[in-house]
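[1] Need coordinates for the following:
(chains A and B)
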Amino acid sequence: MSALVDLILGIVTSIGGFVEAGSISTAAEGGSQFGFELLWAIAAASVMLAMLIEMSGRLAAVSHRSLAAAVRERFGIDFQIVPLAAELIIDILLLAAEIGGAAIAVTLLTGVAFNWWLVPIALTVWLVLCAFGFSVIEYGVGLLGLVTLAFVLAAWRLQPDPHALLGGFAPSMAGHDRLHYAFLAVSILGATVSPYLLNFYSSGTIEEELPESKLWVNTVTGYVGMCFGGVVSMGVLATSAMVLRPQGILVDSYQQAALMLVPTFGTWGVTLFALSLGIGCFGAAVEIALNAGYLSAQVFGWSWGANKRRGDAARFTAAFTLVLLLGLALALTGFDPLRLTLLSVALTVVIMPLIVLPFLVLMNDEKYVKQHKSRTLGNAFLAALTLLGCLLAIIVIPLEVLGG
Amino acid sequence: MSSSRCVRRGSIVALLLLATAGCTSQHDRLRQHQQKMQSLAATTRVVCESWLAGDVSGRYASTALRQTLQLLEQERAALVAAPKLLRTPDGARLSDAADSLERRLARLMDAVAQRDAASVRESVAKMPLLPAEDR
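    Numbers count the residues shown, from 1 in each chain, chains lettered A, B, ... in the order given. Predicted coordinates:
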């Protein structure tokens, strides 16, 4: 496909694939409790994600190695086994949350209790992973996910006060429930800058065989796609702030959150919310499971690739199947999906330093990025993110206990 | 600064934060419970009004009311687990409000299932408004 088509598809699918259980739950809860005050957290997290995604794509396009493979090669298996184990544990938690979120979406449409949908949804995820190649998975999910633009449309039609909206982009501390505010800010970061996205994106860059000569496609896709994707998350928060907060509804369930689209879309409101939640969560479940396969195969040196026949990459297939089964098992224990989502995204912050620190080294190693090394700004960003990650990793558990 | 000293200091900070968990004032905990109760009552009202207006289906309304009842049960369990709160006048009022809302939710779920709009309208109109909180 031409570079322009690649670019357009990349941006569109980044926007459509941005929102999932973590971003919907944190933005909906944040908007209902604190109005526009957490918009700055979504904006900051989106910019961080855009920079990390661009770097992971650049690494993959130039070195022809995914992030996980490059870390293993550079630092050795003894180092890599720790972030691998941590990321797989987080992936299982996230997978359970996404399967649960998709199940609740179906419940909103059918009225049948969500527990009945967990197995069919997990099975459908597995069938999609087995039957389709990378492009179909990536673009199919992303294009369907454009339904989430309903949140942006709703926020626009509700005519927010421009001053109040802009004020939300200035970092501040809430006037009430400060611990819960801080917990949500950290959770928004964890929901947006999910570690699985970095290796998934770098693996996808290799699957699509993006050449070094087309790095500009990666750059534009990374920044434009992720930043516009962040706008969708902001749409969720703003709509929740304008609809649910004035009515005194604090979001504690997806069923409550679904009410936010009713004033704008009437009888279509709950349906659009359910479709957004369902497609977003299903897509994320597919990506997380696929990434678990990528991660395991790349660390242990197995054959891998969504474009390969599953029989030709048996251990890769077994790895994503096993992680999917474990995620399903956790979902079947009956934890409330929204609570599980908030716990999962908070815990992703804990492992962030393990992911970002090796990145700092790789992006300055000519063996991997040749002349495309990170400049001062990129290095400063990675160093700052590593320090921030270390600090947040220490305080996130106490925040979860006190303010979650 | 050595890494072991950093880890020690970070652990002390974390432990201090955890220790303050037990120090949340009774007033703050009551306020949090009251906000949750107001939220659940507001959810009940909005779901029923949306159903009466035809903006949401009976399927969704039943699902949402059932989930609201589950959340209410969790709030009641949290109140029961804090007998000191229940002994205060505000805590006792909150417990009574939870009982009342639970009975009302059960009636509303039946009325929605039977598509009895008149009963839903009457029940929603009689819902007491809990004292407003400045947010």
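[2] going forward, measure contacts between C-alpha atoms and count neighbours the same way
    Fine.
[3] my guess is A:Ala170 contacts A:Ala41, does it?
    No. Counting by Cα atoms under 8 Å, A:Ala170 stays clear of A:Ala41, with 9.2 Å between them.
[4] If you count surrounding residues, which of the two has more?
    Neighbour totals were compared for A:Ala170 and A:Ala41, and A:Ala41 leads with 23 against 13 (other Cα atoms under 10 Å in any protein chain shown).
[5] what about the more buried one, which helix or strand?
    In the assignment (DSSP states H and E), A:Ala41 maps to helix A:39-63.
[6] Give me the helix or strand of chain B that scores worst on average pLDDT.
    helix B:3-19 (a mean of 56; mean pLDDT, DSSP states H and E).
[7] Following element in sequence after that helix, please.
    Heading C-terminal from helix B:3-19 (DSSP H and E), you reach helix B:26-52.
[8] in that following helix, what's buried?
    B:30, B:33-52 (16 or more other Cα atoms under 10 Å in any protein chain shown).
[9] what does stretch A:213-223 give?
    The neighbour-count check on stretch A:213-223 (16+ other Cα under 10 Å) flags A:Leu215, A:Val217, A:Asn218, A:Thr219, A:Val220, A:Thr221, A:Gly222, A:Tyr223 as buried.
[10] mind listing which of the residues you listed are in helices?
    A:Leu215, A:Val217, A:Asn218, A:Thr219, A:Val220 (DSSP state H).
[11] Columns distance to chain B on top of these, output as JSON lines?
    Shown next, in JSON lines, are those (distance: Cα to the nearest Cα, whole Å):
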{"residue": "A:Leu215", "distance to chain B": "39"}
{"residue": "A:Val217", "distance to chain B": "41"}
{"residue": "A:Asn218", "distance to chain B": "38"}
{"residue": "A:Thr219", "distance to chain B": "37"}
{"residue": "A:Val220", "distance to chain B": "39"}
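[12] pull the longest helix from chain A.
    Longest helix in chain A, counting residues (DSSP H): helix A:77-110.
[13] Is that helix positioned near chain B?
    Yes. Residues of helix A:77-110 contacting chain B under Cα under 8 Å from any Cα of the partner chain: A:Thr107, A:Leu108, A:Leu109, A:Thr110.
[14] Buried ones among those?
    By 16+ other Cα under 10 Å, the residues of helix A:77-110 next to chain B give A:Thr107, A:Leu108, A:Leu109 as buried.
[15] So for residue 47, what's the pLDDT?
    By default, I'm working from chain A. Note on A:Val47: pLDDT of 92.
[16] looking at chain B here, not the other one
    For B:Val47, the predicted pLDDT is 97.
[17] Quick one: name the residues of the stretch 151-300 of chain A near chain B.
    Within the stretch 151-300 of chain A, the residues that sit near chain B (Cα under 8 Å from any Cα) are A:176, A:247-250, A:252-253, A:255-256, A:259, A:262, A:266-270.
[18] Can you report how many residues lie near B:Gly91?
    Counted with other Cα under 10 Å, B:Gly91 comes out at 23.
[19] now it: how far from B:Met37?
    12 Å (Cα to Cα, to the nearest Å).
[20] Report how many residues lie close to A:Leu385.
    Residues lying near A:Leu385 (other Cα under 10 Å) number 18.
[21] what do you get for the one 4 residues further on?
    By other Cα under 10 Å, 21 other residues sit near A:Gly389.
[22] That one contacts A:Ile355, doesn't it?
    No. Counting by Cα under 8 Å, A:Gly389 does not reach A:Ile355; the two are 9.8 Å apart.
[23] so what's the nearest residue to A:Glu138 once chain neighbours are set aside up against?
    Counting by Cα to Cα, 6 or more residues apart in numbering or on different chains, A:Glu138 lies nearest to A:Thr13, which is 7.3 Å off, once chain neighbours are set aside. By Cα atoms under 8 Å, 6 or more residues apart in numbering or on different chains, the contact set of A:Thr13 is A:Glu138, A:Tyr139, A:Val141, A:Gly142, A:Leu143, A:Gly145, A:Leu146, A:Gly225.
[24] Check the residues you listed for burial and list the buried ones.
    A:Glu138, A:Tyr139, A:Val141, A:Gly142, A:Leu143, A:Gly145, A:Leu146, A:Gly225.
[25] hmm, which two among those are most spread apart?
    A:Val141 and A:Gly225 (14.6 Å; Cα to Cα).
[26] Send me the helix or strand hosting the residue nearest to A:Glu138 as CSV with only the CA atoms.
    Assigned by DSSP H and E, A:Thr13 falls within helix A:3-16. The C-alpha coordinates for helix A:3-16 follow below in CSV (Å, rounded to 0.1, in the frame of the first residue of the first chain):
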residue,chain,number,x,y,z
ALA,A,3,2.7,5.5,2.2
LEU,A,4,-0.2,7.9,2.3
VAL,A,5,-2.7,5.1,2.6
ASP,A,6,-0.6,3.5,5.4
LEU,A,7,-0.5,6.9,7.1
ILE,A,8,-4.2,7.5,6.9
LEU,A,9,-5.1,4.0,8.1
GLY,A,10,-2.5,4.2,10.9
ILE,A,11,-3.9,7.5,12.2
VAL,A,12,-7.6,6.4,11.9
THR,A,13,-7.0,3.1,13.6
SER,A,14,-4.9,4.8,16.3
ILE,A,15,-7.9,7.0,17.1
GLY,A,16,-10.4,4.2,16.9
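[27] Can you list the buried residues in stretch A:101-114?
    In stretch A:101-114, counting by 16+ other Cα under 10 Å, buried: A:Gly101, A:Ala102, A:Ala103, A:Ile104, A:Ala105, A:Val106, A:Thr107, A:Leu108, A:Leu109, A:Gly111, A:Val112, A:Phe114.
[28] Now flag whichever of those residues is closest to A:Ile8.
    The closest of the buried residues of stretch A:101-114, once distances to A:Ile8 are taken by Cα to Cα, is A:Ala102, at 27.3 Å.
[29] Tell me if I'm right that the closest one and A:Val286 touch.
    No. If you go by Cα under 8 Å, A:Ala102 and A:Val286 don't touch, sitting 11.5 Å apart.
[30] Spit out the residues that contact those two alike.
    In contact with both A:Ala102 and A:Val286: no residue, using Cα under 8 Å, 6+ apart.
[31] of all the buried residues of stretch A:213-223, which comes closest to A:Leu166?
    Using Cα to Cα, the buried residues of stretch A:213-223 come closest to A:Leu166 at A:Tyr223, 21.3 Å.
[32] ok, the closest one - contacts?
    The contact partners of A:Tyr223, by Cα under 8 Å, 6+ apart, come to A:Val47, A:Ala50, A:Met51, A:Glu54.
[33] can I get those residues in CSV with distance to A:Ala131 and neighbour count?
    Formatted as CSV, the contacts of A:Tyr223 follow (distance: Cα to Cα, whole Å; neighbours: other Cα atoms under 10 Å in any protein chain shown):
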residue, distance to A:Ala131, neighbour count
A:Val47, 34, 19
A:Ala50, 30, 24
A:Met51, 32, 18
A:Glu54, 29, 24
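[34] Who are the contact partners of A:Gly101?
    A:Gly101 makes contacts with A:Ala21, A:Leu277, A:Gly278, A:Cys281, A:Pro337, A:Leu338, as judged by Cα under 8 Å, 6+ apart.
[35] Nearest residue to the second one in space, please, no chain neighbours.
    Of all residues beyond its chain neighbours, the one nearest A:Leu277 is A:Ala105 (5.9 Å), with distances taken as Cα to Cα, 6+ apart.
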